[in-house]
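> Here you go, sequence then predicted model.
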Amino acid sequence: MRKRAARQEVVRRIVRREHVRTQRDLVDHLRKLGFPCTQATVSRDISELGLKKLHEGYYVLSEDLHLQRMVGELVVSVVATERFVIVKASTGTGQGVAAALDAADREELLGTIAGDDTILAIARSDAAARLVADYLERFMTAR
């Protein structure tokens, strides 16, 4: 059971960081990270984790789907600077976008503070801030 939980946590990280388009891609990523598995195993993981395939052709975690929609429709810009990510959104939508980002439960993110149209996301490190910014920018380009 522990092996499955560890593998699924790695699947979550891979899906959040890479544009995974096929189960085969996911099998290859897992093998490179020391998790030998079959496509059938990955298929079960996809089902258990509730992964969805976007019309852009790549997998996304179900809990990230809401955030993807919010960012795709409402976010204007994303800037990472040191441990902070500044997110500019449409007027009046800052708190909703921040709530969606908090709900995504990113391990790199400590929390957010939201105003009317600006969100300050505080990351664990400079590198983590860049990961969060890249993650959000990926959703912006999916428009």
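Perfect, thanks for sending it.
> Which parts of this structure are strands?
52-53, 59-60, 75-81, 84-89, 109-114, 118-123 (DSSP state E).
> Which of these sits closest to residue 4?
Smallest distance to residue 4 across these (CB to CB): 18.1 Å, for strand 59-60. All C-beta spots, glycine's among them, are computed from the backbone N, C-alpha and C.
> outside of that closest one, which residues touch it?
15, 20-21, 26, 46, 51-54, 68 (CB atoms under 8 Å, 6 or more residues apart in numbering).
> Which of the residues you listed fall in helices?
Judged by DSSP state H, helices contain the following of the contacts of strand 59-60: 15, 26, 46, 68.
> Most neighbours among those residues, which one is it?
Neighbour counts for the ones in helices among the contacts of strand 59-60 (other CB atoms under 10 Å) peak at residue 26, which has 25 neighbours.
> re earlier: among the contacts of strand 59-60, which pair sits farthest apart?
It's 26 and 68 that sit farthest apart of the contacts of strand 59-60, by CB to CB, at 18.4 Å.
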